[in-house]
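1. Below: sequence and its predicted model.
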Amino acid sequence: MKIESLIKGFMGLCLAAGMASPATAQFTMPSQATRDSLAKLTNADHQKMMEALNITSLRPGRNGMDPTHPRYANYDESKANPYPNLPEVLTLKNGEKVTTAQMWWEKRRPEIVEDFDREVYGRVPKNMPKVKWVLKGTSEQTVGGKKMITKELEGQVDNSSYPQISVNILLNVSTPAEAAGPVPIVMEFGFIAPAGAASARPAVANRQGQAAMKTWQEMAVDKGWGYATISPASIQADNGAGLTNGIIGLMNKGQYRKPEDWGSLRAWAWGASRAIDYLETDRDVNAKKIALEGHSRYGKATLITMAYEPRLAIAFVSSSGEGGASLYRRDWGEIIENLTSTEEYHWMSGTFMKYGGPLTWNDLPVDSHELIAMCAPRPVFISGGNKGDEWVDSRGMFMAAAAAAPVYTLLGKKDMGTDQYPGIEKGLMDGDIAFRQHNEGHTPGPNWPFFLDFAERYFK
């Protein structure tokens, strides 16, 4: 398993067990024994799910690091579309065309939601427990020359149904001390140091050859907004070893998942919705103007949150790749078989593993353009990088955004205006679906100012 996945999983397990977050400067690499233990638990859970699905083998994923590897990722556009025909977003399963907004909301959208629930991201259990938000502390800092007040919050999930597992969601919310009223909030899936620990100043990657940019927090403050960070690891571990802990483990009373149960991506999205529950009660926050950003695996979670959470106003989906905005039917960089491997299967429902084994990509009843369409009519900014970010398939994300356009136009909104790939650093920013590929690596940094300007259109 990749070291990054092991570390993130270890962090989630620490938080689920009530230990201090290791996401601090003091964090040290887990020991080899710990990594071996996590890998063993993950492999056992993965095998258990294969047995539940009667799957004896899975196709191997692609290697994105070694060009000499026999399974090296494809980066040849002529080979990238083995299944060019996507599911029709505005056609019901009975073949009837969707011609009105009412048909979309009452018939087609529910069909798409059911397919994603059953086959891709899994079902959120019924009767989810309540979350009690507790203020753990406040602090004051100067950001962008303005005084900000940060509330350190803990969302204590009711675990009376299974006291052996505790889940406490970490959320920090910062608002201008001298604001005249409630302000918009940009919330990020990120990392939070435990209360009282020194944390580094959040930074945005610099443009190559240019002076240091402001942090995204400083840019948001310049617009008079606040910002927030929610810790995904405090909701659910980013590792198969953690599936019997966290919110998924709590709901399963410490037992293995069933095939249609939710994975970590859907769990993180659930946690973000609980953060919105809190933000609706905060008098310093304009809860009608909440944006969510996530990068890489958290970009996947951001798009899922936006699709399922109607109270979210706008989303910045950064380098989300396979399992996020990139088309599943594309053969470029990361592919479905990577998502069904022991390194990534925990993000998805167990059922999804079928598509890396006995079934093909083309057997999926949905594709990611329909996940973007589920966000309509609200604005979505799809972002990717170039050098060093090929794995996430920026063109495939653009293609998905273009294929979601008919739903936006049906609902009276503006699409990107083209289905022709615009190239690098030629953003399509005028519609309610926006796309921009920057020329740097696996980072949201260069696209932050473009997203914030995009969001300002809706937050004025």
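-> Right, received. Where do you want to start? Numbering: from 1, shown residues only.

2. going forward, measure contacts and count neighbours with C-alpha atoms only.
-> Noted.

3. which SSE is A287 in?
-> strand 285-295 (DSSP states H and E).

4. what comes up buried for that strand?
-> 285-287, 289-295 (16 or more other Cα atoms under 10 Å).

5. ok, longest helix in the chain?
-> helix 32-52 (DSSP state H).

6. Output the contacting helices and strands for that helix.
-> helix 3-16 (3 or more Cα pairs under 8 Å, 6 or more residues apart in numbering; DSSP states H and E).

7. Now do the helix it packs on, average pLDDT.
-> In this model, helix 3-16 carries a mean pLDDT of 47.

8. Next: stretch 323-337.
-> Mean pLDDT, stretch 323-337: 98.

9. Span of that stretch from start to end?
-> Stretch 323-337 has an end-to-end distance of 11 Å (Cα to Cα, to the nearest Å).

10. How about stretch 167-184?
-> OK, stretch 167-184 end separation, Cα to Cα: 28 Å.

11. buried ones in it?
-> Neighbour counts using 16+ other Cα under 10 Å place 167-177, 182-184 of stretch 167-184 among the buried residues.

12. Can you tell me how far the residue lying closest to G388 once chain neighbours are set aside is from G321?
-> Closest residue to G388 apart from its sequence neighbours, by Cα to Cα, 6 or more residues apart in numbering: G441 at 4.5 Å. Per Cα to Cα, G441 is found 14 Å from G321.

13. Tell me where this structure has strands.
-> Ranges of strands in the chain, per DSSP state E, are 131-143, 146-157, 168-176, 183-189, 226-230, 285-295, 314-318, 380-384, 433-437.

14. roughly how far apart are the residue nearest the centre of the chain and E322?
-> In the chain, the residue lying closest to the centroid (Cα atoms, centre = their mean) is A301, at 1.7 Å. Taking Cα to Cα as the measure, A301 falls 12 Å from E322.

15. Repeat that for S161.
-> 35 Å.

16. Check N85 too.
-> Distance from N85 to E322, by Cα to Cα: 18 Å.

17. Between the two, which is the more surrounded one?
-> E322 (27 against 9; other Cα atoms under 10 Å).

18. Quick check: the gap between the more buried one and D393.
-> 8 Å.

19. Quickly list what's touching both of those two.
-> E334 (Cα atoms under 8 Å, 6 or more residues apart in numbering).

20. who's in contact with the closest residue to Y256 other than its chain neighbours?
-> In space, and not counting its chain neighbours, Y256 is closest to T244: 6.1 Å by Cα to Cα, 6+ apart. Contacts of T244 were listed using Cα under 8 Å, 6+ apart, and they are 250, 252-257.

21. Can you say which of those residues are buried?
-> 250, 252-254, 256-257.

22. mind listing which of these are in helices?
-> Per DSSP H, the buried ones among the contacts of T244 map to helices at L250.

23. what sits opposite the residue lying closest to S383 once chain neighbours are set aside in the beta ladder?
-> Distances taken as Cα to Cα, 6+ apart place S318 nearest to S383, at 4.7 Å, with adjacent residues excluded. Per DSSP bridges, the residues bridged to S318 are H295, S383.
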